[in-house]
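S.K.: following is a predicted model, sequence given first.
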2 protein chains.
Amino acid sequence: MRRMTARPANAHQARLLKLLRDGGPNSRAQLGDQVDLSRSKLAVEVDRLLETGLVVADGLAASRGGRRSHNIRLAPALRFLGVDIGATSVDVAVTNAELEILGHLNQPMDVREGPVAVFEQVLSMAAKLRASGLAEGFDGAGIGVPGPVRFPEGVPVAPPIMPGWDGFPVREALSQELGCPVMVDNDVNLMAMGEMHAGVARSVGDFLCVKIGTGIGCGIVAGGEVHRGTTGSAGDIGHIQAVPDGRPCACGNRGCLEAHFSGAALARDATDAAHQGLSAELATRLETNGALSAVDVAAAAAAGDATSLDLIREGGNRTGQVIAGLVSFFNPGLVVIGGGVTGLGHTLLAAIRTQVYRQSLPLATGNLPIVLGELGPTAGVIGAARLISDHLFSPA
Amino acid sequence: MRRMTARPANAHQARLLKLLRDGGPNSRAQLGDQVDLSRSKLAVEVDRLLETGLVVADGLAASRGGRRSHNIRLAPALRFLGVDIGATSVDVAVTNAELEILGHLNQPMDVREGPVAVFEQVLSMAAKLRASGLAEGFDGAGIGVPGPVRFPEGVPVAPPIMPGWDGFPVREALSQELGCPVMVDNDVNLMAMGEMHAGVARSVGDFLCVKIGTGIGCGIVAGGEVHRGTTGSAGDIGHIQAVPDGRPCACGNRGCLEAHFSGAALARDATDAAHQGLSAELATRLETNGALSAVDVAAAAAAGDATSLDLIREGGNRTGQVIAGLVSFFNPGLVVIGGGVTGLGHTLLAAIRTQVYRQSLPLATGNLPIVLGELGPTAGVIGAARLISDHLFSPA
DNA sequence: CCAACTTTCTCCACTCACAGGACAAAGACA
DNA sequence: TGTCTTTGTCCTGTGAGTGGAGAAAGTTGG
């Protein structure tokens, strides 16, 4: 099947496509209320979009006291692929043009195996989704990688946890394989975009999205736009000093936040505690599983294990201290906490909140919600689909 | 004299006015090279601007091998007032439409005396400038205050060091008194705008501008736009924790950056050192002047006083640590250091650089200049003039 | 069941923004 | 003096966009 070839011809059409993406099917009259165009001009642009096949008219809506309206919606065959590459697993999902997830796969993986191996896995997952009948092909794909990205080219640069990927032309390679346009971004930025599109950050202009997983990072949204920084490394808060002369970190410094709290650090601390006999709960889990992960700590804490609760609280305090500084600096309207460690839930959140509210200025924290992400593991793939749709729904 | 009443009627005219402001007089042909409009359309818009009096045609330029061109320039009678209110002094300046400073006054003042007293002083300074023949009146004024501002309304909110100003309608009051449009912003943001317009940050899209004066703050520019945050308190880095369990701060916390390094903290430290007999140099200065300020420390350091150099180095290290975190987070393309303490010069800069380059990730610091501001005390007033001109040179 | 009112959508005429070419003005240069 | 270059003006054609008239397709009340 031939995929989406057309692009909006002008800013009006782009605007209309995004309205239909974010608001679902609409009548011409409803669209007219949102775009500040005359009815006649609007009709012309809608007709042109209908001609290109980007949108379709299907059926009549119920009457609201007068002539019934035609439903205008984005082409129902449009499919986007969202890929979220983490340090230890991949998420791949198919969405329709409204960015609703039609199918979602998650598989363990080690990003250090390099781009070739990971690509193979991603492509086979995409093929599986396609084979299940959810898509005949993809009109575009977004992909997130756990490291800095030179955004315009879609190439990772000097990624600490995935050295083999440095300079690998992710965008071009994936575009070749899939035969559709591709956009690449940092995984944390995509999580922020996901929460902005369909999660807790809807209609918030300035917010921070802290993702605590194997590492720790922060998506920055200013004025509704993701801030990526000069070299694409904005939001890399894992190596901000949280503890003066603290633990040695892989980066060569001491006391980095990531060395004191992250999925990896938490697992290490829990293992140490188990070995030192500080927690019977953790010790039995260690014996059962052979190794401990953040999930074990979460479970132990839920079961009331004091040591685990302490570890979480301690980590939350460290993280909260760093976030407090960022809140003073950036003055966001919302802070979202997400990533694999959100299973730690309320204990973690409470610790972070305490530190932020205590250390930042009242004016900055006065009306500042600090909440868990709403989308969980789907935030990344939704953000990825959003990224490519933003691109495709802009004038060529 | 009647002042500027017209505003650009559309985006084209706004664009042209800003080109003339930033690039000085230009011929129609030169303007055409920069705006991507047909010659005919350009001529129409220029003619309309000439009719309104916003621009004038004065004289012919030298021939470049063909017919001589007419010089188009902004109305030479246009005058902007730039006001920069600090904690302990005020700067007031008059600029022409190209934002060149025609006259500049600086007077000591205490912002805690409240808005009424300060306004009186500002107005008398403005009157003095006007009386000297530099301006017959003002077409617009920008004003910076040392605290958070609700930007759209031009009202300070909960400013820590100027409590009497909370909620005072600065914009409206000044507009009434001067009889011209007024825009209000935080002083640090205006310094950043000044350095962006005419200083070291020309043509840099993302940068940080750290102002170290009585307090300490940071202007944030992302994508060429000042980021003010949700409540207007973005960049308030003085109360980020720099030293765990450090000195008590006026804000109620401990270890705030501002408590350990700022103009005020430095003066206090120097006085202590003098009393403890650690520095003969500082002791004599204390005896001579009755009190010590950052300027004394700078002079003593220049004279080779070891204690003063240590104080500066120590403060630079603290500041550098905080900036290192911000650099990791924001990934700017440039860091500008400015404010009253820049007299401390190279010693301070070296300490900051050391910390930032050591603690931030190589990708973020790889090509990151950290430099002193170029405009010194005029940055704020230039930024203020820029602020109001941006406003007036936008479609109404 | 019909008349009056609503809402949605289409059609048409008019205005204005803008491009691009022809051309005039003014100077440089050989 | 003639040719070439640069600058600026004029004019016409095209397409974007507005706003009103009216047709289409409903609901509601008497």
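M.R.: That came in fine, so what should we check first? Since we're looking at a predicted model, the values are computed, not measured.

S.K.: how many neighbours does A:G238 have?
M.R.: Counted with other Cβ atoms under 10 Å in any protein chain shown, residues neighbouring A:G238 total 26. The way it works is simple: take the backbone N, C-alpha and C, and place the C-beta from them, glycine included.

S.K.: up against chain B, what does the stretch 151-300 of chain A have?
M.R.: A:157-158, A:160, A:205-206, A:218, A:220, A:222-223, A:225, A:227-237, A:239-241, A:244, A:251, A:253 (Cβ under 8 Å from any Cβ of the partner chain).

S.K.: mind doing that once more with 7 Å?
M.R.: Where the stretch 151-300 of chain A comes near chain B, counting by Cβ under 7 Å from any Cβ of the partner chain, the residues are A:157-158, A:206, A:218, A:222, A:227, A:229-231, A:233-237, A:239-241, A:244, A:251, A:253.

S.K.: buried ones among those?
M.R.: For those, a burial check counting by 16 or more other Cβ atoms under 10 Å in any protein chain shown picks out A:157-158, A:206, A:218, A:222, A:227, A:229-231, A:233-237, A:239-241, A:253.

S.K.: from those residues, which land in strands?
M.R.: Per DSSP state E, strands hold the following members of those: A:C218, A:A222.

S.K.: and the strands in chain A?
M.R.: Using DSSP E, strands in chain A cover A:55-60, A:70-74, A:80-85, A:89-95, A:101-108, A:140-145, A:149-150, A:155-156, A:182-186, A:207-212, A:216-222, A:225-226, A:335-338, A:370-372.

S.K.: can you say which of those strands is nearest to B:G333?
M.R.: Taking Cβ to Cβ, strand A:149-150 is the member of these nearest to B:G333, at 14.0 Å.

S.K.: all helices for the stretch 251-396 of chain A, in order.
M.R.: A:257-260, A:263-275, A:280-289, A:294-302, A:306-330, A:345-359, A:362-365, A:379-392 (DSSP state H, counting those that start in this stretch).

S.K.: which of those helices sits closest to DNA strand C?
M.R.: Nearest to DNA strand C, of all those, is helix A:379-392, at 24.3 Å by Cβ to the nearest atom of the strand.

S.K.: which parts of the closest one are buried?
M.R.: Within helix A:379-392, the residues that count as buried by 16+ other Cβ under 10 Å are A:379-390, A:392.

S.K.: helices or strands up against that helix?
M.R.: strand A:80-85, strand A:89-95, strand A:101-108, strand A:140-145, strand A:182-186, helix A:187-198 (3 or more Cβ pairs under 7 Å, 6 or more residues apart in numbering or on different chains; DSSP states H and E).

S.K.: returning to that earlier point: closest one to B:A301 among the strands of chain A?
M.R.: The nearest among those, by Cβ to Cβ, is strand A:216-222 at 37.4 Å.

S.K.: just the residues of the stretch 151-300 of chain A next to chain B that are near DNA strand C?
M.R.: With Cβ under 7 Å from any atom of the strand as the criterion, those include none near DNA strand C.

S.K.: quick revisit: dump the buried residues of helix A:379-392 into JSON lines; add pLDDT as well.
M.R.: What follows is the buried residues of helix A:379-392, written out as JSON lines (pLDDT from 0 to 100):
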{"residue": "A:A379", "pLDDT": "97"}
{"residue": "A:G380", "pLDDT": "97"}
{"residue": "A:V381", "pLDDT": "98"}
{"residue": "A:I382", "pLDDT": "98"}
{"residue": "A:G383", "pLDDT": "98"}
{"residue": "A:A384", "pLDDT": "98"}
{"residue": "A:A385", "pLDDT": "98"}
{"residue": "A:R386", "pLDDT": "98"}
{"residue": "A:L387", "pLDDT": "98"}
{"residue": "A:I388", "pLDDT": "98"}
{"residue": "A:S389", "pLDDT": "98"}
{"residue": "A:D390", "pLDDT": "97"}
{"residue": "A:L392", "pLDDT": "96"}
